[in-house]
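Participant: got a sequence here, can you build the structure:
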Amino acid sequence: MFEIEYEFREQDLIHFNEMQFMRNEEIQNNIKKNRWIVPGIMALIGSFYYFYYADFKSSAYIFVIAVLWAFLSPKIMMLDLHRQILKNYTDKEKVNMFGTYTLTIDPANPNYLLEKSPSGKHKMAWSDLVRVEYGKRYVYIFINLNTALVIPVDTVKKGNLEQFAEQADKMIERAA
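Facilitator: Numbering: from 1, shown residues only. Have a look, this model is predicted:
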């Protein structure tokens, strides 16, 4: 029997959603446009002020704002994303989401991944799970393309995460 116990925290939820956000090509293209087109237009306006009016001071202010926009706008967008992620959940949902999770692969019940979480006990059929993915500090067991069990390596309290993830991957492949 393979079993792991880990703690799921608010920062883990934010990390997973941020990772999903960064993988979305449409969003990344919008960030690039926002990061370079707006400062480019501002630079043109600054150039106009410098060459047409010979106003160095105003053009310098505009150039500084353009540079700050280019470097700070992605960071501000990520901070706003963090706020939006946490705003999507009620306090009751957060209580049911964050806390200690236990995942079990039981040979006596080989068709299901058993999950014990703050919201209760659940069975997930291996055929319903998509894949196991490895990150730098996380292991993800994807339930669908946008939802996953996020297992932070740092907070594993019991069990061998590496062996558990390998076994889970094998079980998902068998069920597919």
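
Participant: longest helix in the protein, please.
Facilitator: helix 56-87 (DSSP state H).

Participant: can you list the domains in this protein?
Facilitator: According to automatic domain parsing, the chain comprises the domains 2-9+90-175, 15-87.

Participant: now the end-to-end length of the shortest one.
Facilitator: Pointing back at domain 15-87 there. 15 Å (C-alpha to C-alpha, to the nearest Å).

Participant: how many neighbours does the closest residue to residue 118 other than its chain neighbours have?
Facilitator: Closest residue in space to residue 118, ignoring its immediate chain neighbours: residue 99 at 3.8 Å, by C-beta to C-beta, 6 or more residues apart in numbering. (Glycine included, C-beta is placed from N, CA and C.) When counting by other C-beta atoms under 10 Å, one arrives at 13 neighbours for residue 99.

Participant: which other helices and strands contact the longest helix of the chain?
Facilitator: Packed against helix 56-87 by the contact rule (3 or more C-beta pairs under 8 Å, 6 or more residues apart in numbering; DSSP states H and E) you find helix 10-23, helix 25-53.

Participant: follow-up on the earlier one: now the domains of the chain as a markdown table including mean pLDDT?
Facilitator: Formatted as a markdown table, the domains of the chain follow (pLDDT from 0 to 100):
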| stretch | mean pLDDT |
| --- | --- |
| domain 2-9+90-175 | 90 |
| domain 15-87 | 88 |
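
Participant: related to what we said a few turns ago, tell me the buried residues in the helix or strand just after the longest helix of the chain?
Facilitator: Proceeding N to C from helix 56-87, the next assigned helix or strand is helix 91-97, under DSSP states H and E. Neighbour-count burial for helix 91-97 flags residue 97 (criterion: 16 or more other C-beta atoms under 10 Å).

Participant: parallel or antiparallel, list what pairs with whichever helix or strand comes after helix 91-97.
Facilitator: Counting by DSSP H and E, the element after helix 91-97 in chain order, helix or strand, is strand 99-105. Sheet pairing of strand 99-105 (DSSP bridges) gives strand 2-8 (antiparallel), strand 112-117 (antiparallel).
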